[in-house]
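Visitor: What shape does this take:
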Amino acid sequence: MKNVLAFTGSNSSTSINQKLLDHISNRLNGHEVKRIKLTDFPLPIFSEDIEKNEGIPDNVKQLNQTIKAHDALLVAVNEHNGASSAFFKNTIDWLSRNERNFLEGKKILLFSTSPGARGAKTSLEYTKNIFGRFGGEVIESFSFPSFKDNFQDGKIVNEVLDMGIEDVLTTFAHQIEN
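Guide: Numbers count the residues shown, from 1 in each chain. Next comes the predicted model:
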């Protein structure tokens, strides 16, 4: 059994990515999943001046240690105007300043959703590329389109998307066992 850390890049209290993350993390059988909220680690907007004058914020160090304590990650990324949210990018900026390879040795299942038909694909692709630069290995990624049409009452109602999620979960679970 592996320890898996699950979080979303959203800071919204009504995040659809959080709803999808909760659903997916409940389906990852045979592993211990710990869910956290990045909003529990508040950070200033990254600034070299802050870093120089005040150092790395303690919440960055705490978050980094939390990531290190887990074998794998489930990460849901949101999208604002065709890009990753400023909140999520800021967190990644701080983590990478604290330790360049903060994701080293981590196997990652990355997914995204949005109300639209693209399912936050741009943010998903950006995050997939950037996580590799910090030592992470994205095992699987999945873009979940049209959230409000395909996810209702806490369940995936589109059978094809549900099978797709099951496939990536199965592959991810198998990969983190090795």
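
Visitor: which parts of the longest helix anywhere in the chain are buried?
Guide: Identified as the longest helix of the chain according to DSSP state H is helix 159-177. Judged by neighbour count using 16 or more other CB atoms under 10 Å, the buried positions of helix 159-177 are Leu161, Ile165, Val168, Leu169, Phe172, Ala173, Ile176. Where C-beta positions appear, they are placed from N, C-alpha and C, glycine not excepted.

Visitor: and the most centrally placed residue in the chain, what is it in contact with?
Guide: Most central residue of the chain, judged by C-alpha distance to the mean C-alpha position with CA atoms, centre = their mean, is Val75 at 1.8 Å. Val75 is in contact with Ala6, Phe7, Thr8, Gly9, Ile108, Leu109, Leu110, Phe111, Thr127, Phe131, counting by CB atoms under 8 Å, 6 or more residues apart in numbering.

Visitor: just checking, it is part of a helix?
Guide: No - under DSSP: H, G, I helix; E, B strand; the rest coil, Val75 sits outside any helix and is assigned strand.

Visitor: Can you spell out which residues form a bridge with it?
Guide: Phe7, Leu110 (DSSP bridges).

Visitor: per-residue pLDDT, it?
Guide: Listed pLDDT for Val75 reads 98.

Visitor: and the gap between it and Glu159?
Guide: Relative to Glu159, Val75 is positioned 25 Å away (criterion: CB to CB, to the nearest Å).
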